[in-house]
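K.L.:
Predicted model and sequence below, questions to follow.
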Amino acid sequence: MLAPEAAALLGACADVIDELLARGDSPFVRRAPSGGLLRDILDAALAELGCAFGAARVFQSVRRGAPPLPAHFAMLRSFPFGFWSRVERDLAPPLVIQVEGADLRAEHLVEYLDGSMRIALVVDGPSSPAPLVRLIAPSVLVVQTSDVAALEAFGRGTGPGVAALLPNGCATLVHDPRAGARLDERLTITLPAGAAPPTALGWRSARQARDELAQLAALAEVCSAARDVSVVVVPPLAVAGVGSESGVDAVAAWLLSQAGFEGGVG
């Protein structure tokens with residue numbers, strides 16, 4: 001039979017889960033206050049949602065016979081993302097955050113892009129034209145678009161991801177780790193046509209916004225060049241076997257001619 005303290009702690013675990021369930025979708029949708037820090041919104045939302053993981057941990061601890069500790073009750077009140085295990089991060093719930101474009105600081109998202117964490121940003125008002133370019137990494141799904149339909153890709157697959165629904169006139173990009181091993185396979189970019197030069201906005205200076213757009217343009221150029229590279233096929237040898245001396249000479253002559261040395265080999 002459980003001691004009264006242990007029974008009370010198990011009851012508190014059940015209350016945490018019941019309260020989260022009773023709130024429906026509301027814990028997963030947040031509004032960032034004007035001028036606020038995006039990191040603070042993420043910290044608060046995930047610490048609150050993390051209480052479900054905290055309750056599961058406390059339940060297992062008490063079930064194994066551990067005595068109730070003050071830390072157990074703290075885990076039921078707040079369980080920040082930094083304390084989540086690898087398994088818990090793989091079970092991370094999605095978040096939708098409504099934020100003003102002036103407050104969209106992508107660097108605040110980096111530490112949360114782990115496991116299966118998905119963060120969708122609905123951006124109000126003017127925005128930097130390429131606010132998410134700094135988040136492109138091999139395992140991270142990144143989508144920035146002005147078209148709601150383009151967010152369909154964000155809901156599929158596993159792994160960390162961030163998407164931003166931006167005002168018209170911003171660059172469009174999709175970086176999908178599932179599309180291939182090479183950057184040009186994973187990354188699709190459409191730069192804004194005829195857009196005015198970026199200006200200072202909120203925390204971001206005009207120079208920082210220009211750097212983001214320039215970085216995106218450079219990535220688009222690299223990917224385009226990689227896709228344009230034709231596959232070079234070595235022609236079949238007309239004489240001798242592959243291992244023969246004349247066969248080696250033929251391949252060497254062909255390679256030298258492709259490099260611009262028309263004289264071939266002597």
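P.N.:
Ah, there it is. Numbers count the residues shown, from 1 in each chain.
K.L.:
where in the chain is pLDDT low?
P.N.:
Low-confidence regions of the chain, defined by pLDDT under 70, span residues 1, 157, 230-266.
K.L.:
Can you spell out the domain ranges of it, please?
P.N.:
The chain breaks down into these domains under automatic domain parsing: 1-91, 94-229, 234-266.
K.L.:
would you turn these into JSON lines with mean neighbour count?
P.N.:
Where C-beta positions appear, they are placed from N, C-alpha and C, glycine not excepted. Listed next are the domains of the chain as JSON lines, based on neighbours: other C-beta atoms under 10 Å:
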{"stretch": "domain 1-91", "mean neighbour count": "15"}
{"stretch": "domain 94-229", "mean neighbour count": "17"}
{"stretch": "domain 234-266", "mean neighbour count": "11"}
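K.L.:
end-to-end on stretch 16-30?
P.N.:
One end of stretch 16-30 to the other measures 20 Å (C-alpha to C-alpha, to the nearest Å).
K.L.:
Kindly report the same for stretch 191-211.
P.N.:
Note: stretch 191-211 ends 14 Å apart using C-alpha to C-alpha.
K.L.:
Can you pull out the residues in contact with that stretch?
P.N.:
Stretch 191-211 is contacted from outside by 100-105, 126-130, 169-171, 212-213, 216-217, 220, using C-beta atoms under 8 Å, 6 or more residues apart in numbering.
K.L.:
Next step: those residues restricted to helices.
P.N.:
E212, L213, L216, A217, A220 (DSSP state H).
K.L.:
Let's have these in CSV, adding distance to I41.
P.N.:
Shown next, in CSV, are the ones in helices among the contacts of stretch 191-211 (distance: C-beta to C-beta, whole Å):
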residue, distance to I41
E212, 22
L213, 26
L216, 25
A217, 30
A220, 31
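K.L.:
Taking the residues you listed together, which two end up most distant?
P.N.:
Distances among the ones in helices among the contacts of stretch 191-211 were taken as C-beta to C-beta; the most separated pair is E212 and A220, at 12.8 Å.
K.L.:
Now do the phi/psi pair for T190.
P.N.:
Here is the backbone geometry of T190 (degrees, to the nearest 10): phi -130, psi 110.
K.L.:
what sits against it?
P.N.:
A171, T172, L173.
K.L.:
can I get these in TSV with distance to A22?
P.N.:
Shown next, in TSV, are those (distance: C-beta to C-beta, whole Å):
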residue	distance to A22
A171	41
T172	39
L173	39
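K.L.:
Among those residues, which one lies nearest to A8?
P.N.:
Proximity of the contacts of T190 to A8 (C-beta to C-beta) peaks at L173, which lies at 51.4 Å.
K.L.:
For L166, see how far away that closest one is.
P.N.:
Using C-beta to C-beta, to the nearest Å, we find L173 at a distance of 10 Å from L166.
K.L.:
With D228 instead?
P.N.:
Applying C-beta to C-beta to D228 and L166 gives a distance of 29 Å.
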